[in-house]
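>>> could you work out the structure for the sequence below:
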Amino acid sequence: MIDISLTPASLIIYGLTFVAVVALCVVFWRNLVEAAQASAERLDANRAVEVRTEDIGTPLDRFVSPGRLLRLRLTFAVIPAAVVFGILFWAGIERVLVLSLVPVLFAVIGSFVPAIYYRMQVKRRQDRFENDILDLTTGLANALRSGMALPQSLEKIGAQMTGPMREELNIVLREYRLGVDLVRAMDRMSRRMPCEDMRLLVSAIKLTTDAGGSLASVLAEMTTTIRGRREFADKVKALTAEGRFEAIAMSCAPIAAFCFLHLIQAELMRPLYTTGVGWCTLGAVVTLEVMGYCVIRKIVSIEV
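Residues are numbered from 1 along each chain as shown. The predicted structure is shown next:
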């Protein structure tokens, strides 16, 4: 059993420690927020000056600015650490190692949550964009065969598309109307949404524009190539599904074993979360599980 009895001196010491940690976190957070705001203002000013340059930002900038991302990471780091420290304090945990390492661990994990969330949003948008590239090339080839010019073809296809592809095509057409060369505008789109199929499309348009030739025929051949690449990627994804499931199953196995053994014999498992050695063991297990999951995912991930 955990001894939750604390002396008045211990209460005063832990209370002062908690207040000091919270005060330091608040001061540190405010200083970093002010620095992030100043950096964001400078970044916005630079972007206003460099609007006609090749600096187009990163795909993450569409969802969140660097300053806001920094503030979110600080918030998700400070709040869980303070909450966990308060829970451990009121639970009567007196080990300095536990009181210092566990909140730090939660702070580190929490700081990665906003970045992971926004990267998932970027990946989801990227996948939706890549799924529409085949329709884009097919539509361009058909529109060019019917006698339409490339800008009119892009405008017509952009009106029929949805999601990220429509947004990016509208940006390309807006830049073209403002005087940017169409090939350069599409090259900027391929840099905003980097993928191999889009780079092939932009390269084909560049070559046919500079050297001449039938762009409709080139796009028709490219449509066949993209379709073959898509079929091969789906086949690889199906063949590696077992490996991805094994990565998830192997990562969840220790958690299931811990819960099962805790239900059978709770006294034997209690030292894992009531002693300093137990917390260190849990930390080592979590670290090794994350490393194993990453290694298995790296093995079964095949770039097409």
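>>> can you pull the contacts of Leu201?
133, 136-137, 186, 190, 219, 222 (Cβ atoms under 8 Å, 6 or more residues apart in numbering). From N, CA and C alone the C-beta is placed, and that goes for glycine too.
>>> check which helix or strand covers it.
In the assignment (DSSP states H and E), Leu201 maps to helix 196-211.
>>> circling back to that earlier point, give me the buried entries from the contacts of Leu201.
Burial by neighbour count, judged by 16 or more other Cβ atoms under 10 Å, picks out 133, 136-137, 186, 190, 219, 222 from the contacts of Leu201.
>>> what is the mean pLDDT for stretch 72-91?
For stretch 72-91, the mean pLDDT works out to 81.
>>> now that stretch: buried residues?
Going by neighbour count (16+ other Cβ under 10 Å), the buried part of stretch 72-91 is 72-78, 80-82, 84-85, 88-89.
>>> kindly report the same for stretch 115-123.
Buried residues in stretch 115-123, counted by 16+ other Cβ under 10 Å: 115, 118, 122.
>>> using PDB, write down the CA coordinates of it.
What follows is stretch 115-123, C-alpha atoms only, in PDB (Å, rounded to 0.1, in the frame of the first residue of the first chain):
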ATOM      1  CA  ALA A 115       3.100  18.500 -34.300                       C
ATOM      2  CA  ILE A 116       2.000  14.900 -34.800                       C
ATOM      3  CA  TYR A 117      -1.700  16.100 -35.200                       C
ATOM      4  CA  TYR A 118      -0.800  18.700 -37.900                       C
ATOM      5  CA  ARG A 119       1.500  16.300 -39.700                       C
ATOM      6  CA  MET A 120      -1.400  13.900 -39.900                       C
ATOM      7  CA  GLN A 121      -3.500  16.600 -41.400                       C
ATOM      8  CA  VAL A 122      -0.800  17.400 -43.900                       C
ATOM      9  CA  LYS A 123      -0.500  13.700 -44.800                       C
END
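>>> what segments of the protein are helices?
For the chain, applying DSSP state H gives helices covering 8-49, 66-90, 96-131, 133-145, 150-160, 164-177, 182-192, 196-211, 215-239, 241-264, 266-269, 271-274, 276-300.
>>> which one of those helices has the lowest average pLDDT?
For these, where the average pLDDT is lowest is helix 8-49, sitting at a mean of 54.
>>> look up the closest residue to Val108, ignoring the ones flanking it.
Ala77 (7.3 Å; Cβ to Cβ, 6 or more residues apart in numbering).
>>> one step back: going by distance to Gln265, which of the buried residues of stretch 115-123 wins?
Closest approach to Gln265 among these (Cβ to Cβ): Ala115, at 39.7 Å.
>>> right, and the residue nearest to Val108 touches Leu105 too?
No: using Cβ atoms under 8 Å, Ala77 makes no contact with Leu105, being 11.0 Å away.
>>> any common contacting residues for these two?
Residues touching both Ala77 and Leu105 by Cβ under 8 Å, 6+ apart: none at all.
>>> can you put the contacts of Leu201 in a markdown table and add distance to Ile255?
Listed next are the contacts of Leu201 as a markdown table, based on distance: Cβ to Cβ, whole Å:
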| residue | distance to Ile255 |
| --- | --- |
| Ile133 | 40 |
| Leu136 | 44 |
| Thr137 | 45 |
| Met186 | 48 |
| Ser190 | 42 |
| Leu219 | 50 |
| Met222 | 47 |
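>>> in those residues, find the pair that's most separated.
Taking Cβ to Cβ, no two of the contacts of Leu201 sit farther apart than Ser190 and Leu219, at 15.2 Å.
>>> show me the contacts for the residue positioned nearest the centre of the chain.
Among the residues of the chain, the one closest to the centroid is Arg119, at 1.5 Å (Cα atoms, centre = their mean). Residues near Arg119 by Cβ under 8 Å, 6+ apart: Leu60.
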